[in-house]
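*Asks:* Below is the structure, and that's it, no one-letter string:
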């Protein structure tokens, strides 16, 4: 397979993730969209690593996966605390908590 096919797939997945972050009001769906964007980055890293015949892309991809796991853990803990206190995880309602 060619490199541009992987890059096109990653671009489509990344655009879907950006749309999900911008269009969704539910915090869990926003976290899922961020995961989509990180997966698109992983596809790019692995594709470029395979294209250059080295494993640096795979190593960086493992770091991104570890950071994504930590982000999900912290993000879901915050969402659960907000749901426990407010009984709603709508992001528009959370903007009122700024003051």
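*Replies:* Now that the structure is in, tell me what you want to look at. Please read all numbers here as calculations on a predicted model, not as lab measurements.
*Asks:* which residues touch residue 17?
*Replies:* 33, 34, 35, 36, 37, 40 (Cβ atoms under 8 Å, 6 or more residues apart in numbering). Placement of C-beta: from N, CA and C, glycine included.
*Asks:* Enumerate the positions of the helix or strand where residue 81 lies that are buried.
*Replies:* For residue 81, the host element (DSSP states H and E) is helix 56-86. By neighbour count on 16 or more other Cβ atoms under 10 Å, the buried set for helix 56-86 is 57, 60, 61, 68, 75, 79, 82.
*Asks:* Need the per-residue pLDDT for the nearest residue to the first one once chain neighbours are set aside.
*Replies:* Nearest residue to residue 57 in three dimensions, chain neighbours excluded: residue 49, at 2.3 Å (Cβ to Cβ, 6 or more residues apart in numbering). At residue 49 the predicted local distance difference test score is 92.
*Asks:* what angle sits between the host helix or strand of residue 49 and helix 56-86?
*Replies:* Residue 49 is located in helix 27-51, with elements delineated by DSSP H and E. Helix 27-51 runs at 180 degrees relative to helix 56-86, counting by axes from the mean of the first three to the mean of the last three Cα atoms, to 10 degrees.
*Asks:* If I follow the layout properly, residue 21 ends up in contact with residue 35?
*Replies:* No - the pair residue 21 / residue 35 is not scored as a contact, 10.6 Å apart, by Cβ atoms under 8 Å.
*Asks:* quick revisit: neighbouring contacts of the helix holding residue 49?
*Replies:* 3, 6-7, 9-11, 13-14, 16-21, 24, 55-58, 60-61, 64-65, 67-68, 71-72, 75-76, 79, 82, 89-91, 94.
*Asks:* Buried residues of that helix, list them for me.
*Replies:* By neighbour count with 16+ other Cβ under 10 Å, helix 27-51 contains the buried residues 27, 30-31, 33-49.
*Asks:* chain center to it, what's the gap?
*Replies:* 6 Å (Cα atoms, centre = their mean, to the nearest Å).
*Asks:* No further queries at this time; thank you.
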